[in-house]
Structure formats: structure tokens, C-alpha cells
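Novice: When you get a sec, could you give me coordinates for this:
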Amino acid sequence: LTRVEPDVVLLQESANANPDEWPEGWSIYNAGPLVVASPHRITPVGTSQDHYPPSEWPPIDSVVCDVETPRGTFHVCDVHLRTPREGLSQVLDRSVVLSPARSDAVDQETADRDAESRELRTRLREYGEPILIAGDFNMPCESAIFRRHWGDLSDAFSQRGWGFGYTKNTSVGPITYGTRIDHILASPTWSIHKCWVGPDIGSDHLPLIAELSENTTN
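Specialist: Here you go, the predicted structure:
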């Protein structure tokens, strides 16, 4: 935080919402495991839950806040979408690596993840622009689900990053692979100048950092 001096920080799967653990004067808001923090005033404006599959206690998958900076106010959405790991783990077999007989689990998991992204993207359009949407999408930008529901937004690393940009090493059964599943997405009202993956600071994900400014021509 000291080195980068960010205008907003988004955390997922975190309980780190204690103001005493942040720089003095920062605004902190958390909704379940999602945390939005900023040296500027933030105002929560909405949350959403993952209803796919239906559950008595659906998890929170996003929180939207207004961030009031000296250069203007914008919406920011902190997201954590469901992982495909559960479905994949059912088709992975120690002896044959893949078990096609269990592929129905993957099909259902894919349908649930597609429905979650569709519902959340529809909801976020209601907030208008400018908006930044960032967090753990649990899918790479090459994913059909990602392209279908998030592809109209600018991906900061795709536009201004360098290298593979892996933010997490994932193990599913005997298979381990690096993935870029954390994204910073911007509406057309933003210009993206730079995006990079930060150092390992103890999480199972690496931090993703971007420099942006509002596009005054829009």
C-alpha cells in the first residue's frame, strides 16, 4: 500500500476489514468475505449473491461501492465468482486422470457458472458508468463464459500487461497449472495505462495492480 498508493483496494476471501489494520484515515467496507478499502470516502450501494445452484444460504459474490476521489466519483465492484474446482474434481480420477462417466458434474458446474455471470453482469449494467469490476473471476479471459458476459469490458492486463500474468497456481487432483483468473475490467470511460502482477505477500493469489484514468473524451 505504501509503495503503490492505490485509490482503491479490493480483497476476496478476507476478514481483513478491521480499520486498525489499515492506514489511518482509510475507509473500509466489507460484505461477507469481500472487502473494499480506499483512502477516499466509499459508500456501499449494493451486493449480490450466487443463486446457482439454489441454496438456503447463498454466498455473496459481489459488492458495489461508490468511491469519491478528488477527480470524481466512480463505481467499483469487488467480485468473487464460483470456482469450477468442484465439478472438475469429480471427473478427475487418480488412475485414469479423467473419468468421462462423471462429465455431467462438469456440465452442471458450467451451467451454474454461466448463469451466475449472466445474472451479475445484468445487475451491474444498472449502475451505469464509470465502473471498474475487479476480483477473482475463477476463469481465464479465454473462457467462453468470460467472453460471453465480460468481453465487452476492457481487461487491464490483456491491454497493458506483459507475460502470462498468472495470478494463481491451481491444483485439481494430480494436475497443477498456472492461471490468470483475477482480472481488472474497465468500462469504456477509462483509459488503461499499466497493469502488472505484484509480489507474493502470503496469499494463494498474487496481487493484480493497474493504473487507470478516466477518459475525458467520453
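
Novice: Report the mean per-residue pLDDT for the lengthiest helix in the chain.
Specialist: As assigned by DSSP state H, the longest helix anywhere in the chain is helix 103-125. The predicted model assigns helix 103-125 a mean pLDDT of 90.

Novice: list the buried ones in that helix?
Specialist: 106, 109, 112, 113, 114, 116, 117, 119, 120, 124 (16 or more other C-beta atoms under 10 Å). In short, each C-beta sits where N, CA and C put it, glycine included.

Novice: could you give the angle of the helix or strand that that helix is followed by to helix 103-125?
Specialist: Sequence order places strand 131-136 as the next helix or strand after helix 103-125, per DSSP states H and E. Here strand 131-136 points in a direction 150 degrees away from that of helix 103-125 (axes from the mean of the first three to the mean of the last three C-alpha atoms, to 10 degrees).

Novice: Other residues contacting strand 131-136?
Specialist: 8, 10, 12-13, 34, 62, 74-81, 124, 150, 153, 181-187, 190, 205, 208, 212 (C-beta atoms under 8 Å, 6 or more residues apart in numbering).

Novice: export the buried residues of helix 103-125 to TSV and tack on distance to residue 41?
Specialist: As requested, these are exported to TSV (distance: C-beta to C-beta, whole Å):
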residue	distance to residue 41
106	44
109	39
112	36
113	34
114	36
116	30
117	30
119	29
120	25
124	21
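
Novice: mind listing what the nearest residue to residue 53 once chain neighbours are set aside touches?
Specialist: Nearest non-adjacent residue to residue 53, counting by C-beta to C-beta, 6 or more residues apart in numbering: residue 112, 5.6 Å away. Going by C-beta under 8 Å, 6+ apart, residue 112 touches 52, 53, 82.

Novice: in what helix or strand does the second one lie?
Specialist: Spelled out, that is residue 53. Per DSSP H and E, there is no helix or strand for residue 53.

Novice: Could you report the distance from it to residue 62?
Specialist: When distance is defined by C-beta to C-beta, to the nearest Å, residue 53 is 18 Å away from residue 62.

Novice: The helix or strand residue 35 falls within pairs with which strands?
Specialist: Assigned by DSSP H and E, residue 35 belongs to strand 34-38. Strand 34-38 has the following strand partners under DSSP bridges: strand 9-11 (antiparallel), strand 27-31 (antiparallel).

Novice: other SSEs contacting the next helix-or-strand element following it?
Specialist: Downstream of strand 34-38, the first helix or strand assigned by DSSP H and E is strand 41-49. Here strand 41-49 touches strand 27-31, strand 60-69, helix 103-125, going by 3 or more C-beta pairs under 8 Å, 6 or more residues apart in numbering; DSSP states H and E.

Novice: Show residues contacting strand 41-49.
Specialist: 8, 27, 29, 31, 36, 58-68, 75, 119-120, 123, 127.

Novice: ok, 6 Å please
Specialist: For strand 41-49, contacts defined as C-beta atoms under 6 Å, 6 or more residues apart in numbering pick out 27, 29, 31, 36, 58, 60-68, 120, 123.

Novice: Quick check: the farthest pair among the residues you listed?
Specialist: For the contacts of strand 41-49, the farthest-apart pair by C-beta to C-beta is 58 and 68; their separation is 30.1 Å.

Novice: Setting aside sequence neighbours, what's the nearest residue to the residue nearest the centre of the chain?
Specialist: By C-alpha atoms, centre = their mean, the chain has its centre lying nearest to residue 135, at 1.9 Å. Take residue 135 and drop its neighbours on the chain: the residue closest to it by C-beta to C-beta, 6+ apart is residue 79, 4.0 Å away.
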